[in-house]
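>>> Sharing a sequence plus its predicted fold:
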Amino acid sequence: MFQQGVVPVCPGLLPSAMAAAPASVRYSCWGQRCRRAIIGDRLETWGSRPLRLDSHLGRSFMDKDSGINEQAVVLVIDDDDGMRGLLRDALTLFGFTVVDVENGKRALTLFETASPDAVLLDVVMPDMNGFDVCLALRRLPGGEHVPIVMLTGMDDISAISRAYEVGATDFLTKGTSLQTLCERIRYVLRSSRAATDLRNSEARLAKAQQIAQLGSWEWDIDRDEFFCSPLVRGICGLEEHRDGFGFQDLLRCIHPDDRERVSLLVDGMIQQPNSCEMDHRIVLPDGAERVVLHHLDVIDQEKDRTRRIAGTIQDITGRKQTELLEVDRNQALEMVLRSEPLESILSHLVSMLQRQRPNGYSVITLVKGNQLHVAANHGLPASFLRGIDGVHIDPNNGSCAAAVFFRTAVTAADIETSPQWENYRGLALAHRIRSAVSVPIQSGKATILGTVAVYYPQPAIPAQADLDLLEMMSRLVAVAVEQRLLSDRLVHQAHHDALTGLPNRILLADRLEHSLAWGDRFEQRIGVLYVDLDRFKHINDSLGHHIGDQLLQQVAGRLRECTRMSDTLARMGGDVFVLVLNGLEDDRYATKMAARFLEELRSPFFVDQRELFVSASIGISIYPDDGQDAVVLMQNADTAMHFAKSQGGSRYQYFNMEMNTAVSERLELELELRRALERGEFELHYQPQYILGSKRLVGAEALIRWNHPEKGRIVPAKFIPIAEETGLIISIGSWVLREACVRNAAWQAAGYAPFKVAVNVSGVQLRHADFVDEVARVLTETGLGPKWLQLEVTETVVMSDFNVITKRLAELRSLGIHIAIDDFGTG
């Protein structure tokens with residue numbers, strides 16, 4: 001039964017490189033079939049064909065494709081130990097790394113760790129045949145694309161068909177030569193790697209197209225066959241695997257306003273082959289819109305007729321929204337720079353937000369006190385707006401109120417369960433508002449000005465891009481609101497007194513013009529009260545401007561409390577206030593207001609721990625009796641005020657025509673008085689003082705005289721009050737003091753017996769802070785001894801500001817000067 005011998009190897013069974021080398025095979029057989037062949041020192045077989053292979057002869061085969069062989073792992077699955085050994089040695093000789101197992105279950109267990117590049121699988125095995133193993137391998141992770149070559153001793157069509165059905169890559173019978181088998185393994189590996197590279201390339205292309213939102217399509221016009229990539233369907237909002245999607249379906253996805261333009265371009269390409277590119281809108285099934293960049297090109301044409309057109313569709317909605325956002329943003333900033341109304345700017349901004357988030361409802365709210373008020377919105381129902389307008393700032397009063405309360409962005413992913421909507425949940429749900437996101441608007445000084453918000457009709461968690469958009473919108477709104485507030489402040493400052501906050505001269509003129517127009521139209525009388533504080537200049541000069549400013553603020557406060565909302569109280573500057581009374585039925589209300597002002601001013605004012613008293617002189621003019629326009633009414637009220645002041649002040653006076661002459665003369669005298677000192681029109685007369693018994697000259701009183709070039713000599717009683725009221729008494733008094741000292745020093749130098757010269761000093765001079773220094777300087781410069789100067793003040797002056805005046809007099813006495821309390825000499 002057993003035969004043994006050596007026979008020559010048939011050259012046709014060997015690769016060409018091995019056929020040239022002498023070789024022999026020792027074989028042993030059982031019955032008709034050879035079981036083993038000797039390889040090297042081992043006995044193996046390949047099918048029924050004995051073969052001896054010397055190990056060095058196989059090296060040339062590895063050189064053909066060493067990049068595949070040296071790295072490729074082949075998993076051999078065969079229940080026949082001899083067959084596995086033969087395949088292992090042959091594949092190893094050809095440069096492959098071999099892992100061999102005896103059954104399918106073992107192969108499935110080792111597959112993941114072995115990670116083979118190819119599988120050589122026997123069909124006929126116990127427990128689990130090769131077909132079942134192949135099917136199981138294809139279901140394993142990584143097994144879908146690995147090449148599987150099935151081996152069998154069978155040579156029937158059904159086995160081959162079954163092998164391909166279960167996923168085999170190739171099918172070989174065990175009678176195939178080793179060279180063919182190894183070359184086949186090398187081939188399927190090359191094919192597998194090419195397929196893998198192609199899949200990777202396609203995956204990268206698909207990923208790149210997905211990132212770029214770029215889909216492609218192709219249309220065979222003759223056959224009306226249409227192909228499109230899944231991304232085209234996705235861009236159009238359609239199911240990825242929807243059947244029956246043709247070119248006309250693609251056209252129907254285009255926005256109706258853009259569809260005709262696209263259709264005409266395609267028709268033109270059919271008639272005249274060319275390429276084109278355009279932007280247009282796509283309408284999704286839910287009504288949302290996208291903007292796409294559509295590129296079309298002819299890829300097959302016959303003569304001048306187009307047969308196939310291909311196109312790419314790129315979703316550029318994000319880019320277009322970014323471009324639109326930048327355009328809208330710049331437009332908003334331009335509106336701010338042009339100082340357009342805040343309402344217009346906010347309306348533009350809320351529309352801008354709506355264009356970015358068209359599936360929501362946009363709203364801007366502004367803080368007023370402890371409430372939020374709707375400033376602009378898009379798409380929200382009027383009943384819902386009424387419900388949230390004026391909402392109190394509270395963490396449970398909706399997203400906007402909570403955002404202001406917490407000073408941070410607030411998101412309500414589902415209003416039905418959101419604690420921030422506890423008090424307004426029913427209102428929101430009744431209007432089908434299910435989610436909201438709100439961002440606070442902060443000023444440059446971190447003051448919360450309001451909120452920017454978007455409400456949605458379905459539960460939703462905002463993306464970071466949504467929050468970033470709202471943050472940007474809140475900054476734009478903050479710029480607009482702060483610019484409006486700044487503009488309002490500037491307008492207010494331009495029309496209001498900075499010290500008291502009352503309307504200033506400019507706003508008063510405007511208000512008075514409006515009042516007169518109203519009075520003329522409805523035949524109503526208008527009153528003008530011109531209020532000038534008495535002795536305010538004395539207080540300001542003696543105690544300082546900071547005291548005077550605080551006093552003016554308190555005076556303004558008292559007068560404001562007496563004024564009706566329909567009337568206008570203004571500060572003209574200095575210590576002058578004007579009250580415009582609208583809609584007078586008769587003059588009694590003007591009298592009542594003037595008397596009330598005087599009464600309010602009688603109570604002492606407390607400024608910087610000082611008790612101060614101030615009164616006022618009030619002049620009254622009435623439209624239309626005392627003037628038909630604002631200028632005349634103001635002039636006549638001023639005239640009446642001066643008349644009241646000339647009568648001792650602390651009183652009111654209606655204007656009458658007789659006052660014009662007196663006041664005009666007084667104003668003319670004031671103007672000439674200012675020039676008199678420059679022109680040297682003043683001179684001093686000295687009234688001697690004797691001791692009656694001995695008739696000895698003991699002094700003289702210096703009396704000022706004004707020699708007017710046209711009106712002659714004007715007595716002091718006529719111009720001194722004007723000088724004190726206007727402040728000219730300071731410069732006139734300084735001239736009198738120096739002139740008297742110069743004259744007395746000259747008399748003494750001429751040899752006359754020394755005597756005192758008395759100079760009258762007004763309260764205005766004594767309240768002046770540097771008056772004592774001025775007196776000391778004059779004495780030094782003229783050389784007159786202090787004991788030869790006597791300063792006289794009236795008792796009224798001392799009592800008008802007792803503390804300040806007595807302190808100043810003490811300082812003068814310390815210089816060695818005589819002080820006398822007397823009536824102010826008028827000569």
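Yes, it's here.

>>> Where does pLDDT dip in the stretch 601-750 of the chain?
Across the stretch 601-750 of the chain, the ranges flagged by pLDDT under 70 are 663.

>>> cutoff 90 now
For the stretch 601-750 of the chain, applying pLDDT under 90 flags the ranges 609, 643, 645-648, 656-671, 673-675, 677-678, 689-698, 710-711, 714-728.

>>> For the residue positioned nearest the centre of the chain, give me phi and psi.
In the chain, the centroid-proximal residue (C-alpha atoms, centre = their mean) is Arg475; its distance is 0.9 Å. Backbone torsions for Arg475, taken as degrees, to the nearest 10, come to phi -70, psi -40.

>>> That one and Thr500, how far apart?
According to C-beta to C-beta, to the nearest Å, Arg475 stands 36 Å off from Thr500. In this view, the C-beta of every residue, glycine as well, is placed from N, C-alpha and C.

>>> my hunch is that Gln550 is in a strand, does that hold up?
No: Gln550 sits outside any strand when classified using DSSP: H, G, I helix; E, B strand; the rest coil, being helix.

>>> on that earlier part again, could you tell me the model confidence score at the residue nearest to the centre of the chain?
For Arg475, the model assigns a pLDDT of 94.

>>> which residues in the stretch 1-150 of the chain form helices?
Under the criterion DSSP state H, counting those that start in this stretch, the stretch 1-150 of the chain contains helices at 16-19, 59-62, 66-69, 81-93, 104-114, 130-139.

>>> will you turn those into JSON lines that also has mean pLDDT?
Formatted as JSON lines, those follow (pLDDT from 0 to 100):
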{"stretch": "helix 16-19", "mean pLDDT": "38"}
{"stretch": "helix 59-62", "mean pLDDT": "40"}
{"stretch": "helix 66-69", "mean pLDDT": "50"}
{"stretch": "helix 81-93", "mean pLDDT": "88"}
{"stretch": "helix 104-114", "mean pLDDT": "90"}
{"stretch": "helix 130-139", "mean pLDDT": "92"}
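
>>> Please name whichever of those helices is nearest to Ser646.
helix 104-114 (115.7 Å; C-beta to C-beta).

>>> Of all the residues in the closest one, which ones are buried?
Gly104, Ala107, Leu108, Phe111, Ala114 (16 or more other C-beta atoms under 10 Å).

>>> Next up, the contacts around the residue nearest to the centre of the chain.
Arg475 makes contact with no residue, according to C-beta atoms under 8 Å, 6 or more residues apart in numbering.

>>> which one of the buried residues of helix 104-114 sits closest to Trp217?
Distances from Trp217 to those, taken by C-beta to C-beta, are shortest for Phe111, at 40.0 Å.

>>> For the closest residue to the closest one other than its chain neighbours, give me phi and psi.
What sits nearest to Phe111 in space, not counting adjacent residues and going by C-beta to C-beta, 6 or more residues apart in numbering, is Leu140, at 5.6 Å. Backbone torsions for Leu140, taken as degrees, to the nearest 10, come to phi -80, psi 150.

>>> tell me which helix or strand of this protein sits lowest on mean pLDDT?
strand 24-30 (a mean of 31; mean pLDDT, DSSP states H and E).

>>> so the residue nearest to Phe111 touches Leu110, yeah?
No: contact between Leu140 and Leu110 fails when scored by C-beta atoms under 8 Å: they sit 11.0 Å apart.

>>> May I have the beta-bridge partners of Trp706?
For Trp706, the beta-bridge partners are Phe682, Ile714 (DSSP bridges).

>>> so the nearest residue to Ala460 once chain neighbours are set aside bridges to which residues?
Closest residue in space to Ala460, ignoring its immediate chain neighbours: Ser435 at 4.6 Å, by C-beta to C-beta, 6+ apart. The residues listed as beta-bridge partners of Ser435 by DSSP bridges are Tyr456.

>>> Now do the contacts for Ser435.
Contacts of Ser435 (C-beta under 8 Å, 6+ apart): Thr411, Ala412, Ala413, Asp414, Ile415, Tyr455, Tyr456, Gln458, Pro459, Ala460, Ile461.

>>> Now with 7 Å, please.
Contacts for Ser435 (C-beta atoms under 7 Å, 6 or more residues apart in numbering) come out as Ala412, Ala413, Asp414, Ile415, Tyr456, Gln458, Pro459, Ala460.

>>> and stretch 586-603, which residues are buried?
Buried residues in stretch 586-603 (16+ other C-beta under 10 Å): Tyr589, Ala590, Met593, Ala594, Phe597, Leu598, Leu601.

>>> Can you show me the strands along the stretch 601-750 of the chain?
605-607, 610-612, 615-623, 651-654, 682-691, 696-708, 712-714 (DSSP state E, counting those that start in this stretch).

>>> Which one, of these, ends up nearest to Leu569?
strand 615-623 (12.8 Å).

>>> just checking, what packs against that closest one?
Packing contacts for strand 615-623, counted by 3 or more C-beta pairs under 7 Å, 6 or more residues apart in numbering; DSSP states H and E, involve strand 525-534, helix 588-602, helix 630-646, strand 651-654.
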